[in-house]
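*Asks:* Structure for the following, please:
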Amino acid sequence: MSVFDKGLITTLACTAVFSLVSIPLIYRWVPRNPVYGCRTRITLGDNALWYAANAYIGVRFLVASLLSAGVSVVLYGWPGLSPRTYLPASVALLVAPVLVAWWLTARFIRRSPTRDRGGRSHSLVAALALGLLTAPLAAEAQPAGKVARVATLWTTSRAVAQPYLDAIEEGLRELGWVAGRNLVLEHRFTDGQPERMPRVAAEVVAWKPDVAVGPLNASALAMKRLTSTMPIVVIVSFDPVGVGLAASLARPGGNVTGMTGAGPETSAKRLQMLRELAPAIRRVGVVWNAAFPGLRDMRTALDDAGPGFGLAIVEGGVRDPEGFPRAFETLARERVDALIVLGDNLTYLRQREIIEVAACIGTSPSAARFR
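*Replies:* Residues are numbered from 1 along each chain as shown. Below is the predicted model:
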């Protein structure tokens, strides 16, 4: 058997092996593990990025391997090619797919949203939840060497939630919980589609985390309906007793802990702040989720406090995403001077649209729970 035969057979055999290695990665069949796949501190600490990075490297590894095999076949039949030239070329064709695939994947990971550390402005929200989040981890008294598992469930997309994810990971790192070392983070998203919440919540519970985080009522409730033993942290809950997350504020009971949002007593303060910022305002629009019982007392308190500041309160309530255009038309027609947004999942998902509309109809200033 000549050098050319050996080189071609070796290249084709390696291409077959590379293909077998690539296919499970491309189809996302490989869970996080310490042996097989694109294993970095970042990908091991983020389940979504693990699958995305491995699918990315799998495609490029497969394509590069097939191209190398094709070039090897061409060189095998190249007239006048000497063994001294063919041998190093064959070695280069074996190494090239690995180098190309890893180089492209490294660029992919660097450019992924998980690498964007622009979420420091959201660190306050994360910091408020970190003490609550780490308490169940400490209570588990995990033996040395065991890796803690923390899951989060978001009603938004990854892009919207990313600054908060970064802030949570950074805060946990400062407390000694490091993703890829003694911590595994699992992030799930419904991408603003409420109908997906039961299924995604079931996936989180099935993953059996040590602690699960539901930023607002919807995700915390979805998980609580499925388990009474898994610790759940809700970052901010509006009316946790009324919605069923807690038995009472004094004695919450159950498996949910967290912080409650602002109550009716803050409504007058919001109006006072708006009045101080813009003394000339006369009409204040209120955008809120009228279908959410937890906000009704706050909404009523605005009506009660408005006359005391010489302000007329204009209703801009919505019950579903389709209600926002009508609410905006009403606020524009009523020529409101300022805007108050009572935050919950529904308004949070439309925050960008609300801000843009507020600017278009000339409301200045505005008071909201997001920025």
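*Asks:* Can you show me the helices along the stretch 251-371 of the chain?
*Replies:* Here the stretch 251-371 of the chain has its helices, by DSSP state H, counting those that start in this stretch, at 267-277, 296-305, 324-333, 345-349, 351-360.
*Asks:* and those helices as CSV, adding mean neighbour count, distance to L49 and mean pLDDT?
*Replies:* Using the backbone N, CA and C atoms, a C-beta is placed for each residue, glycine as well. Shown next, in CSV, are the helices of the stretch 251-371 of the chain (neighbours: other CB atoms under 10 Å; distance: least, CB to CB, whole Å; pLDDT from 0 to 100):
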stretch, mean neighbour count, distance to L49, mean pLDDT
helix 267-277, 17, 39, 83
helix 296-305, 17, 38, 87
helix 324-333, 16, 32, 89
helix 345-349, 22, 23, 75
helix 351-360, 15, 24, 78
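*Asks:* out of these, nearest to V100?
*Replies:* Distance to V100, taken as CB to CB, is lowest for helix 351-360 among the helices of the stretch 251-371 of the chain, at 38.6 Å.
*Asks:* Now that closest one - C-alpha only, CSV.
*Replies:* Taking C-alpha atoms only, helix 351-360 is exported to CSV below (Å, rounded to 0.1, in the frame of the first residue of the first chain):
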residue,chain,number,x,y,z
GLN,A,351,-42.0,48.4,28.3
ARG,A,352,-40.2,49.6,25.1
GLU,A,353,-43.5,50.3,23.4
ILE,A,354,-44.8,52.2,26.4
ILE,A,355,-41.7,54.3,26.6
GLU,A,356,-41.8,55.1,22.8
VAL,A,357,-45.5,56.0,23.0
ALA,A,358,-44.9,58.2,26.0
ALA,A,359,-42.3,60.1,24.1
CYS,A,360,-44.6,60.5,21.0
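*Asks:* re the thing from before, for the helices of the stretch 251-371 of the chain, please prepare CSV with the additional fields distance to R28.
*Replies:* Output for the helices of the stretch 251-371 of the chain, formatted as CSV (distance: least, CB to CB, whole Å):
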stretch, distance to R28
helix 267-277, 46
helix 296-305, 44
helix 324-333, 36
helix 345-349, 27
helix 351-360, 30
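*Asks:* looking at those, which is closest to E195?
*Replies:* The nearest among those, by CB to CB, is helix 345-349 at 13.4 Å.
*Asks:* Show me what that closest one packs onto, helices and strands only.
*Replies:* Helix 345-349 is packed against strand 283-289, with contacts defined by 3 or more CB pairs under 8 Å, 6 or more residues apart in numbering; DSSP states H and E.
*Asks:* List phi and psi for P252.
*Replies:* Backbone geometry at P252, expressed as degrees, to the nearest 10, gives phi -60, psi -40.
*Asks:* Looks like it contacts A246 (just checking).
*Replies:* Yes - counting by CB atoms under 8 Å, A246 is a contact partner of P252 at 3.7 Å.
*Asks:* sorry, back to before: to A179, which of the helices of the stretch 251-371 of the chain lies closest?
*Replies:* Here helix 345-349 is closest among the helices of the stretch 251-371 of the chain (CB to CB), at 25.4 Å.
*Asks:* Not counting its neighbours along the chain, what's nearest the most centrally placed residue in the chain?
*Replies:* Centroid-nearest residue in the chain: R158, 3.6 Å away (criterion: CA atoms, centre = their mean). Spatial nearest neighbour of R158, chain neighbours left out: F189 (5.4 Å); criterion: CB to CB, 6 or more residues apart in numbering.
*Asks:* Tally up the residues packed near that neighbour, please.
*Replies:* Counted with other CB atoms under 10 Å, residues neighbouring F189 total 20.
*Asks:* So it sits against Q162, correct?
*Replies:* No - assessed by CB under 8 Å, F189 is found out of contact with Q162, at 10.2 Å.
*Asks:* Low-confidence regions, the protein specifically.
*Replies:* Scanning the chain for pLDDT under 70 picks out the ranges 1, 45-48, 109-145, 238, 249-250, 261-265, 294, 361-371.
*Asks:* Would you mind giving the domain segments of it?
*Replies:* Annotated domains of the chain cover 3-115, 119-260, 264-367 [automatic domain parsing].
*Asks:* neighbour-wise, which of P252 and A246 wins?
*Replies:* Between P252 and A246, counting by other CB under 10 Å, A246 is the more crowded of the two (21 against 17).
*Asks:* ok so that one is a helix residue?
*Replies:* No - read with DSSP: H, G, I helix; E, B strand; the rest coil, A246 is coil and lies in no helix.
*Asks:* what's near enough to touch it?
*Replies:* 237, 240, 252-254, 256 (CB atoms under 8 Å, 6 or more residues apart in numbering).
*Asks:* P209: which of the residues you listed is nearest?
*Replies:* Nearest to P209 among the contacts of A246, with distances taken as CB to CB, is V256, at 14.2 Å.
*Asks:* What separation is there between that closest one and A220?
*Replies:* 6 Å (CB to CB, to the nearest Å).
*Asks:* How about G214?
*Replies:* In terms of CB to CB, G214 sits 3 Å off from A220.
*Asks:* Quick check: neighbours shared by these two?
*Replies:* With CB under 8 Å, 6+ apart, G214 and A220 have common neighbours 232-234.
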